[in-house]
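1. Pasting a predicted model and its sequence here:
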Amino acid sequence: MTKIQFPVKTKIECEKQGDWISITPVTTYCVLGRVIEDNIQADRYIAIVQKQADTALFLFSSRGIPCSSEGDLSVEDVIKINEDFHLRQNNVNRQSSIDDFDPLKNTEQVVDLYIGKKNLRVLLQDALSAKSLIGWIQKAQNQLPQGAPQGLPSSFAWTDKYRHSQSGCLFAANPHHQDNPFFHDTFNPGSTDNPFQEDVFDPLKYMNISDGQKRVVATDYVPRRQKAMSADMNTGETMSALRKTESRDSIDLIGDYYGDEDNTNGGVPDSLKLITNQLGIPGSGVELVNNLKPTTMREHVVKHYMRQREEEFTYKKHYTIFCGTWNVNGQNPPVTLKQWLERVPDPPDIYVIGFQELDLSNQAYVFSDSRKEEQWKNAVRKSLPVKGKYRKVKLIRMVGIMMLVYVKESLVPDVPPSLVDADTVATGIMGIMGNKGGVGVRMTLHNTSLCFINTHLAAHQEEYERRNQDYRDVESKMRFKNFAPPLTISEHDQVFWIGDLNYRINGLDIDKVKTMIDKMKYRDLLSYDQLHQQLGRSDVFKGYKEGIIGFRPTYKYDTGTNEWDSSEKSRIPAWCDRILYKGAGIEQVHYISHPDLTISDHKPVSSLFNVEVKVVDREKSNKVYEDVMKKLDRLENDYLPQVKLDKTEFQFKDVMFIEKKADILTVCNIGQVPVEFEFINKLEEQSYCQPWLKITPYKSVITPGSSCEIRLEVLVDKSCVATLDASNHVLDDILVLHLTGGKDFFITVNGNFIPSSFGCSLEALVQMHGPIRETPTAQLIEIEQPGSLMSRDLTQGGRLYAVPKEVWRLVDHIWHYGRDEEELFQQRGLKNELAAIRDCLDTGVPDKIPGSVHSVTEALLLFLECLPDPVIPSRVYYRSLECSGNYMLCKQVISEIPEHHKNLFRYLCAFLRELLNHSDKNKLDISILASIFGEIFLRPPPNTLIRSLSTPAGKAKAMEEEMKRTAFVTHFLSNEFDE
């Protein structure tokens, strides 16, 4: 069941009639639920509608759930909320009442509605939906005795024209229709007898987008109080994400353009269209092609056919986009940025401004807040062209990577806030440190989707492959989650990628490079540029273009000057700061640097683009949409879905830890109608596939004569390796491929997993003498048994390691080869080197661990992350947080954990203290180490619900826990631990 909750403040139209005011019906809330009456169940949209002092429940049926078009909706019944109306909540979970509901417990809720002697049961997806519905009903009930004194007599006469059941309940007791529980005398949208036509609550009048000559803007505006309630339900983010960001300064458009929650003027007319907007249901061809990612078969198919005929109802319009990027090296902003942002003849329509290294303080790496954000945001705002009048669409920041997007005020109506979204991807160590990575913002202008990406890739001359890896991570992991399924970067019409990409010049010495720069031989010099060498020749920035570079390299300068780096390192000049783009209808006007700004060791870069945007002719669009729907109706009535699968069995042999294996399933549509498929959950299972399996796409639509390639990817990583212990190295799953309106196909996936020390329990590791690949399976099963260490008889020979030999080898290697290396535990390793390190630890050869020091440090962190029970057992997690302010209490916690856990903790802390003794060379900081290892050492118990970071309270709680973990570990990094 899909939860829908988008309360919208609506326009109230009033007209004077005698001595009292008649107010047109206003929809205040709408949600999808399952209505149960006399053991008959049906999905219905439930809307709270108010008029005068009256409130009623409207029940809407739909030809499909979720609804694909407002034309599919019809009013099934209207229930008066009066003295005869009562409600009661039955909690499916164990909460005592709706007033003490826990938004993290996302369980189904039952609400019983009593209308006279009738009982109507409503099943809602979660407590938040139930609380909101009950809140609106209780508010209406509380107003019942107040209606008459206010001069608003309680008269439900206005509901009569909507009602079709005399029973007052959902299903009329008609013996002739008992075989069809969904039969009801509902209003037919196509009927000429339209009960809605005299008021604004009219699904026919407002079926289209236009309201006469006035453009109706659908918003996602939610009153502040309910925004907070809704945000509490987001449990998908982890506490570690706090370090990745968190600054999501959102749309100015809502507060400034669409009005605040007290403003009731100039909003959207109340109608069935308003309800469909709340539910996210597209009402015409306009929405279906306006970059709303389709979720049902009809939406997919309609979008496909509409795109095929797009030229029939769209025309082109041109806009200008200014993109700018600057690595500011942690500096404060100058007095003005006008020489950077105003180097254009006319104010551009859109500004996209990206920063890197906004804040280099240790606090910025560890926690999310940064005073530099506000400073640079204000500097940008003050430097925008005065005559342009801009509104901020989005601000997104992850540590030192920040991006702002502004549009001209005149464009605000053409950029729907509901289609604006942002995301972050950290590519730092463990994939959580946000010192490197990217931020993204997407929006829709008219009928063209725009995506802006700002990245800071790995540094250093020789690390071009790590930069490539960072790009691939951002490209593959960036997801705009306000859409279902989430949108990817590649699913946009136009993409602009800016940032400090850090690609360098290879194969020339510094003097030769400087000589070529002085002679302005930029084209010749670019042939040695690492990015230029790969564009169009590899998967790195595939499909992207870059304009002609006619300016000096932007890195590295002595701060405050235009002189090349004169430090001891004397870095080779390079074009680190770049602006790339891809998509149709993009013309680059200029691509320049701004050497006058000298506060950083980088120079800012900017580019101006003319872009071609598709604008919908609404009248033509509606005609095409109607034609498409008629065609689709005919096809659906005449044919059944038919597909052919190229195979139904998949075998993945010798799967290894962190090593992907993939195969392709091809599904062909051999029928006459479009086919929607989806992989569905098996009975009593929470997911349609095992955690080590990924299916892309897991749902889609295939048009007749076409085929779809489905990628089945097997990857055993840190999230699931601990479940594949010695007694369970078999990979086995059965997938159910479901056709909407058709049959199911069963697909078997089999394989075997090669055992790895990554994911073994600490108890087993200290008993394992040889490499895991040489250890007999029977012995692995024995030592992985809970309590095996307690039952081991050491008097009969054998010994235990004080710490796992794998950890000792990793620590020993870092100490000998990397103790003076900068950015230890902050820079990521290479994936191929991590695989080689895995094999070295699991086989025992070679003697020296392969790969760079940074790959070895990441391998150590990964090894510790994969322990089923962390270094400090999860059962003492909350006690450890409580003791974090007192060193003596922290020592008491450690003294009480099992000996093998205690030994490993003391060993690692001693190692980290020794590294800190070399901080004059390796630049390590105790707060960064404590933060990283605090998350490694201290993990909450399994299945603990993670608090949302979307609300101030959730964010504050997560930050508090992170600070306590850091404080706990800091005690042991700053003090010798003795018992």
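-> Received, thanks. Numbering: from 1, shown residues only.
2. Can you list the strands that the longest strand along the chain pairs with?
-> When the chain is parsed with DSSP state E, its longest strand is strand 314-327. Strand 314-327 has the following strand partners under DSSP bridges: strand 350-356 (parallel), strand 605-616 (antiparallel).
3. Figure out how far the first one is from the centre of its chain.
-> So the one you mean is strand 350-356. 21 Å (CA atoms, centre = their mean, to the nearest Å).
4. most tightly surrounded among the strands paired with strand 314-327?
-> strand 350-356 (a mean of 28; mean count of other CB atoms under 10 Å). (Glycine included, C-beta is placed from N, CA and C.)
5. what mean pLDDT would you report for that strand?
-> Model confidence over strand 350-356, given as mean pLDDT, is 98.
6. With stretch 631-647 instead?
-> Mean predicted lDDT for stretch 631-647 stands at 85.
7. Kindly report the same for stretch 594-610.
-> 97.
8. How far does it stretch from one end to the other?
-> 21 Å (CA to CA, to the nearest Å).
9. what does stretch 787-802 give?
-> End to end - CA to CA - stretch 787-802 spans 17 Å.
10. Report the mean per-residue pLDDT for it.
-> 71.
11. Going forward, the N-terminal residue is numbered 337.
-> Yes, from this point I'll number from 337; that puts the last item at stretch 1123-1138.
12. As PDB, could you dump the C-alpha coordinates of the longest helix along the chain?
-> Ranked by residue count and defined by DSSP state H, the top helix of the chain is helix 1288-1310. The C-alpha coordinates for helix 1288-1310 follow below in PDB (Å, rounded to 0.1, in the frame of the first residue of the first chain):
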ATOM      1  CA  PRO A1288      16.200  19.300  13.600                       C
ATOM      2  CA  ALA A1289      15.500  16.900  16.500                       C
ATOM      3  CA  GLY A1290      16.700  13.800  14.600                       C
ATOM      4  CA  LYS A1291      19.800  15.600  13.300                       C
ATOM      5  CA  ALA A1292      20.600  16.900  16.800                       C
ATOM      6  CA  LYS A1293      20.200  13.400  18.300                       C
ATOM      7  CA  ALA A1294      22.500  11.900  15.600                       C
ATOM      8  CA  MET A1295      25.100  14.600  16.100                       C
ATOM      9  CA  GLU A1296      25.000  14.000  19.800                       C
ATOM     10  CA  GLU A1297      25.600  10.300  19.400                       C
ATOM     11  CA  GLU A1298      28.500  11.000  17.000                       C
ATOM     12  CA  MET A1299      30.000  13.500  19.400                       C
ATOM     13  CA  LYS A1300      29.800  10.900  22.200                       C
ATOM     14  CA  ARG A1301      31.400   8.200  20.100                       C
ATOM     15  CA  THR A1302      34.200  10.600  19.300                       C
ATOM     16  CA  ALA A1303      34.600  11.600  22.900                       C
ATOM     17  CA  PHE A1304      34.700   8.000  24.100                       C
ATOM     18  CA  VAL A1305      37.600   7.100  21.700                       C
ATOM     19  CA  THR A1306      39.400  10.400  22.300                       C
ATOM     20  CA  HIS A1307      39.900   9.400  25.900                       C
ATOM     21  CA  PHE A1308      41.900   6.400  24.800                       C
ATOM     22  CA  LEU A1309      43.900   8.200  22.100                       C
ATOM     23  CA  SER A1310      45.000  10.900  24.500                       C
END
